[in-house]
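[1] sequence and predicted structure, then a few things I'm wondering about:
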Amino acid sequence: MTQAQIVANSTVIFHFDITLSDGSAAESTRVHNKPAKLQMGDNSISPAFEANIMGMEAGAKKTFTLAPLDAYGMPNPDNIYYVDRSKFSGDAPATVGSIIGFAMPDGSELPGLVRDVVGDSVTVDFNHPLAGQTLTFNVEIVKVS
């Protein structure tokens with residue numbers, strides 16, 4: 001019996017490790033042994049990432065590098081906001097470098113990175129932390145359906 005290969009509408013369960021251009025680890029599904037799930041073609045991941053795993057099957061491994069525009073994109077200045085310090089609580093103080101979840105109107109939570117605190121103004125960056133980075137992906141396909 002031949003294994004299913006990844007095609008246009010495949011559901012793919014896979015592990016990945018992401019490293020930065022300096023070789024440091026950025027993210028991994030192996031830390032908690034919880035593989036990622038992807039529906040090919042649903043626009044949840046870049047076309048370049050999909051192109052790199054197209055045709056792979058369960059058990060296959062591959063390493064590839066994506067430029068920022070093909071990975072998480074470039075940082076968008078429109079995703080940087082200035083928030084009044086009074087909006088922060090003792091549970092989530094405005095501390096440079098901290099990541100704080102902000103409640104969105106639809107009930108979801110959007111993480112923001114505190115970049116700067118000056119007086120009562122807090123600079124919060126809602127860009128993906130890996131935006132603007134050249135990333136190397138080490139992928140292992142677990143299941144294709």
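    Received it, and whenever you're ready, just let me know what you need. Numbering: from 1, shown residues only.

[2] which helices and strands does the worst-scoring helix or strand of the chain on mean pLDDT pack with?
    When the helices and strands of the chain are compared on mean pLDDT, DSSP states H and E, strand 99-103 comes out lowest with a mean of 87. Counting contacts by 3 or more CB pairs under 8 Å, 6 or more residues apart in numbering; DSSP states H and E, strand 99-103 packs against strand 109-118. Bear in mind the C-beta positions are built from the backbone N, C-alpha and C, glycine included.

[3] strand partners (parallel or antiparallel) of the strand it packs on?
    With DSSP bridges as the test, strand 109-118 is paired with strand 99-103 (antiparallel), strand 121-125 (antiparallel).

[4] buried sites along it?
    112-114, 117 (16 or more other CB atoms under 10 Å).

[5] now Gly59. Nearest residue, chain neighbours left out?
    Of all residues not flanking Gly59 in the chain, Ile141 sits nearest, at 6.7 Å (CB to CB, 6 or more residues apart in numbering).

[6] ok, and what's touching the one helix or strand the one you found maps to?
    Assigned by DSSP states H and E, Ile141 belongs to strand 135-144. Residues outside strand 135-144 that contact it (CB atoms under 8 Å, 6 or more residues apart in numbering) are 3-6, 10-21, 26, 35, 49, 52-53, 56-66, 68, 71-72.

[7] those in helices, which ones?
    If you go by DSSP state H, the contacts of strand 135-144 have 49, 52-53 in helices.

[8] looking at neighbours, which among those residues is most surrounded?
    Ile53 (22 neighbours; other CB atoms under 10 Å).

[9] what about stretch 88-95, how long is it end to end?
    10 Å (CA to CA, to the nearest Å).

[10] give me the pLDDT value at Ala67.
    Note on Ala67: pLDDT of 97.

[11] now Tyr72
    Looking at Tyr72, its pLDDT is 92.

[12] now for it, how many residues are close by?
    19.

[13] contacting residues around Val122?
    Counted by CB under 8 Å, 6+ apart, Val122 has contacts 82-85, 87-88, 94, 114, 116.
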